[in-house]
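>>> based on what follows, work out the 3D shape:
(2 chains)
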Amino acid sequence: MIEAEREGLAERRPLSPHLTVYRMMLTMAMSMAHRITGVALYLGAALLALYFAGLAAGPGAYPAVSWIVDGVTGKIILVGFVWALYHHLLGGVRHALWDRGILMGPVGREALTQATLAGGVILTALTFYLVTLVRLF
Amino acid sequence: MTSPTPFISGRTGRGEAFVSDRSGSTHDRFMRLSSWILLPLSVAVASLLASVAANPSYAEARAIVERPPAVVALIAFGLVGMAHAYVGAESIIIDYVHDAQKKALAFAANKIAAILIAGLWTLAIGLIAAPR
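Numbers count the residues shown, from 1 in each chain, chains lettered A, B, ... in the order given. Predicted coordinates:
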């Protein structure tokens, strides 16, 4: 009986993160963005795995996968992947700071969230700029 | 096993408390640990991908990817990153998919996709690194 009630309760449990209940705030939007970038990185990793497979297969197979890194589509994919990577990384750092109780006040948490939002864009631009100056690999 | 969690209380200030420790704690601990491992690897992979974007021809891209530091960074990123992605996707499924049958399907699809991507990624990088 108790188990049946629990199962019923599980079915009626509200969906996380209660999007329709709370007023949208930047911290909430960035929490959603953390998951969205995570999913984008999952899909991006699948594309990159295909690209590396084409690169490993040799020059004959390479043209079939080179669009993933070349041309306008390739640039959008790579810039998007690198931005998602940095955004997700900085989101993780933000959570690590909050885990330790750092910058959790009303002003601090907003500033930190804005910093991670800007940081993702700045680090992406910096990375693409630096590799044109210094061959890192 | 219990997990002391730091917090700030409006009444008592900073503190730590033991919280209930079930499967979510294992997920959480794994995500935190893998995040720290992925921090330097992500910077390395981002730099590498930017290099490939700047030099997309077959010979140039292969020369960038087959260097030993790139191979090590890529394989480590592929394995740790996909494990991190797998557990992260499980959390999303738990939060949003409530129907038991759909949840089981989503868990299985996530496991298959993560294994396939990590496998293909590692195999491809391994083949690129192998002497020709």
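
>>> pLDDT below threshold where in chain A?
When residues are selected by pLDDT under 70, those of chain A lie in A:1-19, A:134-137.

>>> those helices in chain A, which residues are they?
Counting by DSSP state H, chain A has helices at residues A:2-12, A:26-57, A:62-65, A:71-99, A:106-133.

>>> distance to chain B and mean neighbour count added to those helices, as a markdown table?
In short, each C-beta sits where N, CA and C put it, glycine included. Output for these, formatted as a markdown table (distance: least, Cβ to the nearest Cβ, whole Å; neighbours: other Cβ atoms under 10 Å in any protein chain shown):
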| stretch | distance to chain B | mean neighbour count |
| --- | --- | --- |
| helix A:2-12 | 6 | 9 |
| helix A:26-57 | 4 | 19 |
| helix A:62-65 | 4 | 16 |
| helix A:71-99 | 4 | 19 |
| helix A:106-133 | 4 | 16 |
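
>>> quick one: residues in contact with stretch B:28-35.
The contact list for stretch B:28-35 (Cβ atoms under 8 Å, 6 or more residues apart in numbering or on different chains) reads A:Gly92, A:Ala96, A:Asp99, B:Ser3, B:Val80, B:Ala83, B:His84, B:Val87, B:Gly88, B:Ser91.

>>> try it again with 6 Å
With contacts defined as Cβ atoms under 6 Å, 6 or more residues apart in numbering or on different chains, stretch B:28-35 is touched by A:Gly92, B:Val80, B:His84, B:Val87.

>>> same check, this time on stretch A:121-137
With contact meaning Cβ under 6 Å, 6+ apart, stretch A:121-137 is reached by A:Val82, A:Trp83, A:Tyr86, B:Ala46, B:Ser47, B:Leu48, B:Ala50, B:Ser51, B:Ala54, B:Ile64, B:Arg67, B:Ala70.

>>> can you give the distance of it from its chain's centre?
When distances are taken as Cα atoms, centre = their mean, to the nearest Å, stretch A:121-137 is centred 19 Å away from the chain's centroid.

>>> need the CA coordinates for that stretch. CSV is fine.
C-alpha atoms of stretch A:121-137 as CSV (Å, rounded to 0.1, in the frame of the first residue of the first chain):
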residue,chain,number,x,y,z
VAL,A,121,33.0,34.5,-24.8
ILE,A,122,36.4,36.1,-23.9
LEU,A,123,38.2,32.7,-23.5
THR,A,124,36.8,31.5,-26.8
ALA,A,125,38.0,34.6,-28.6
LEU,A,126,41.4,34.5,-26.8
THR,A,127,41.9,30.9,-27.7
PHE,A,128,41.2,31.4,-31.4
TYR,A,129,43.3,34.6,-31.4
LEU,A,130,46.3,33.0,-29.6
VAL,A,131,46.5,30.0,-31.9
THR,A,132,47.0,32.3,-34.9
LEU,A,133,49.9,33.9,-33.0
VAL,A,134,51.4,30.8,-31.3
ARG,A,135,51.2,27.2,-32.6
LEU,A,136,50.2,25.5,-29.3
PHE,A,137,50.3,22.0,-30.7
